[in-house]
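Enquirer: Next come a sequence and a model predicted from it.
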Amino acid sequence: MEAGGGERVMSGVKEIKAHIASVQDTQKITEAMYLIASAKMRKAKEGLDRTRPYFNAVQAEIKRIFRTDERVENRYFYPLEGRLPQGGTVGVLVVTADKGLAGAYNQNVIKAAKELAEQKVGEKELFVVGEYGRQYYKRHNIPIRRSFLYTAQNPTMQRAREIASVLLDAYNAGKLKKIYIVYTDMKNGLKSEVRATRLLPFHRAQFSSDHKEEHAEFSFEPSIGEVLDNIIPSYLSGFIYSALVDSFCCEQNARMEAMDAASRNAQKLLDELSLQLNHVRQGAITQEITEISSGAQAQRRNAGEEIT
């Protein structure tokens, strides 16, 4: 066996082994990220489940108010005739992630926000959750009215209240005529979809009830309007919190899918490299046996010539 051929074989074996080690390290990382994303999603869901009963009660109270007086006027609802004057600035709250490695999660949200902005007449003001969205609009020179840092990676009720407060201040001051939210909703455990939903003003139909309470009469002090003024901020905070958690869960689910696909691709590559390594080793063994056999034959011929 020539020295040069043996060195080339050994070099090929070392290269394949190094490639296998690199892929195995990558696979360990993707598997760890999968587990981390799964744990974060489970924790966020548990937090939402703990607060859901309160906001269900708030929603039920608003429904009770409209059952008591379905013609009540309030600035947070469409007028009785069902139309708002044309014009005015539209606010759009865009919920993206702080990180990538989540498939098309962020791109789908940005696309939906763009489509919403194109559909609505008048000026638009962007309120952005998530570093991805902030960087995207910065790169494209699109102005942002307000960005909320560190909210996407750790949605809490307190941060939802802060966002609701900013939006309500702009709405109550007349700076925003309508407010929409673009977020990702988890339809079930496996599927998600991007939703563009109006936050303010509400339609009365959102709080209509199919049944009437029998002879139920309620007295609201100091007035129905003032009670609504105090309840709506809590309801809006709850809706935003739910949207933040849903988006966060969808982000983690998308990251789990991406990491699972990466792990499976890594395993496929490892299988191919293992076959390649075995092939190189088998080739080296076969070549060595052939060369030993050839050497033995040459020695026998030389021995025969010497006897002759």
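Expert: Arrived safely. Remember, predicted model here, so these are calculated numbers, not experimental data.
Enquirer: Quick check: end-to-end length of stretch 143-150?
Expert: Its first and final residues considered, stretch 143-150 spans 20 Å by C-alpha to C-alpha, to the nearest Å.
Enquirer: hmm, who's touching that stretch?
Expert: For stretch 143-150, the external contacting residues (C-beta atoms under 8 Å, 6 or more residues apart in numbering) are 91, 98, 125-129, 131, 133-134, 137-138, 159, 162-163, 166, 170. Where C-beta positions appear, they are placed from N, C-alpha and C, glycine not excepted.
Enquirer: ChimeraX command to pick out the buried ones of those?
Expert: Command for ChimeraX that selects the buried part of the contacts of stretch 143-150, burial taken from 16 or more other C-beta atoms under 10 Å:
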select :91,98,125,126,127,128,129,131,133,134,137,159,163,166,170
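Enquirer: Could you pick out which of the contacts of stretch 143-150 are located in strands?
Expert: Among the contacts of stretch 143-150, DSSP state E puts 91, 125, 126, 127, 128, 129 in strands.
Enquirer: Could you work out the most separated pair of those?
Expert: Maximum pairwise distance among those (C-beta to C-beta): 14.4 Å, between 125 and 129.
Enquirer: In this protein, what residue spans correspond to strands?
Expert: Using DSSP E, strands in the chain cover 90-95, 124-129, 146-148, 178-186, 192-200.
Enquirer: which of those sits most buried?
Expert: Burial of those is given as mean neighbour count (mean count of other C-beta atoms under 10 Å); strand 90-95 ranks first at a mean of 25.
Enquirer: That one versus strand 178-186: what angle between them?
Expert: Strand 90-95 runs at 20 degrees relative to strand 178-186, counting by axes from the mean of the first three to the mean of the last three C-alpha atoms, to 10 degrees.
Enquirer: what's the angle between strand 90-95 and strand 124-129?
Expert: Going by the same axes, to 10 degrees, strand 90-95 makes 20 degrees with strand 124-129.
Enquirer: Distance from the chain centre to strand 90-95, please.
Expert: Its chain's C-alpha centre and that of strand 90-95 lie 17 Å apart, by C-alpha atoms, centre = their mean, to the nearest Å.
Enquirer: Output that strand as PDB, nothing but the C-alphas.
Expert: Extracted C-alpha coordinates of strand 90-95, given in PDB (Å, rounded to 0.1, in the frame of the first residue of the first chain):
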ATOM      1  CA  VAL A  90     -55.500  54.400  12.700                       C
ATOM      2  CA  GLY A  91     -53.300  52.800  15.300                       C
ATOM      3  CA  VAL A  92     -51.900  49.300  14.600                       C
ATOM      4  CA  LEU A  93     -50.400  47.200  17.400                       C
ATOM      5  CA  VAL A  94     -48.100  44.700  15.800                       C
ATOM      6  CA  VAL A  95     -47.000  41.700  17.900                       C
END
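Enquirer: neighbouring contacts of that strand?
Expert: With C-beta under 8 Å, 6+ apart, strand 90-95 has contacts from 109-110, 113, 116-117, 120, 122-130, 133, 145, 152, 163, 167, 170-171, 176-184, 199, 240, 243-244, 247.
Enquirer: likewise stretch 222-237?
Expert: The contact list for stretch 222-237 (C-beta under 8 Å, 6+ apart) reads 55, 58-59, 61-62, 65, 68-69, 72-74, 76, 157, 160-161, 164-165, 167-168, 199-200, 202, 220-221.
Enquirer: pLDDT of that stretch, averaged?
Expert: Stretch 222-237 carries an average pLDDT of 85.
Enquirer: Closest one of the ones in strands among the contacts of stretch 143-150 to residue 194?
Expert: Nearest to residue 194 out of these is residue 129 (C-beta to C-beta; 13.9 Å).
Enquirer: Specify the beta-bridge partners of that closest one.
Expert: Beta-bridge pairing for residue 129 (DSSP bridges): residue 95, residue 148.
Enquirer: which ones are touching it?
Expert: For residue 129, the contact set (C-beta under 8 Å, 6+ apart) comprises 93, 94, 95, 96, 147, 148, 151, 152, 163, 244, 247.
Enquirer: Tell me which residue lies nearest the centroid of the protein.
Expert: The chain has residue 251 as the residue nearest its centroid, 1.9 Å off, counting by C-alpha atoms, centre = their mean.
Enquirer: ok, that one touching residue 97?
Expert: Yes - counting by C-beta atoms under 8 Å, residue 251 touches residue 97, with 4.6 Å between them.
Enquirer: hey, what's in contact with both of the two?
Expert: With C-beta under 8 Å, 6+ apart, residue 251 and residue 97 have common neighbours 105, 152.
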